[in-house]
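Student: quick one, what's the 3D model for this:
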Amino acid sequence: MPAVPEYEIYAMKYAERQADLSTFMLGVEPGRETITIDYFVWLVQGGSEPIVVDTGFTPQIAQARQRKYRTSPADQL
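Tutor: Numbering: from 1, shown residues only. Predicted structure coming up:
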């Protein structure tokens, strides 16, 4: 039986935003509570090449969507 490869998976946060909880939950009064939404890409290492899952978005798109852009996913690699 061939050996099963081992992989390491890393979550890399690249952006965040504040959002009204009522946007995500029914029955919550608008404006009552704010939550932080974090944005991640995933790095899978262990095979012959690293794999990046979800390439995120650019600083320009982050600004247009009113997201706080922290860093480029490519720079984190």
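
Student: which stretches of the protein form helices?
Tutor: 59-64, 73-76 (DSSP state H).

Student: TSV for these, including distance to Ala15, mean pLDDT and mean neighbour count?
Tutor: The C-beta positions use only the backbone N, C-alpha and C, and glycine is treated the same way. Shown next, in TSV, are those (distance: least, CB to CB, whole Å; pLDDT from 0 to 100; neighbours: other CB atoms under 10 Å):
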stretch	distance to Ala15	mean pLDDT	mean neighbour count
helix 59-64	6	92	12
helix 73-76	10	81	14
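
Student: out of those helices, which is closest to Lys13?
Tutor: helix 73-76 (8.8 Å; CB to CB).

Student: name the helices or strands packed onto that closest one?
Tutor: The contact analysis (3 or more CB pairs under 8 Å, 6 or more residues apart in numbering; DSSP states H and E) places helix 73-76 against strand 8-20, strand 34-45.

Student: pull out the buried residues from the first one.
Tutor: It refers to strand 8-20. By neighbour count on 16 or more other CB atoms under 10 Å, the buried set for strand 8-20 is Met12, Tyr14, Ala15, Glu16.

Student: quick one, which of the helices and strands packed on helix 73-76 gets closest to Gln66.
Tutor: Nearest of the helices and strands packed on helix 73-76 (CB to CB): strand 8-20, 6.4 Å.
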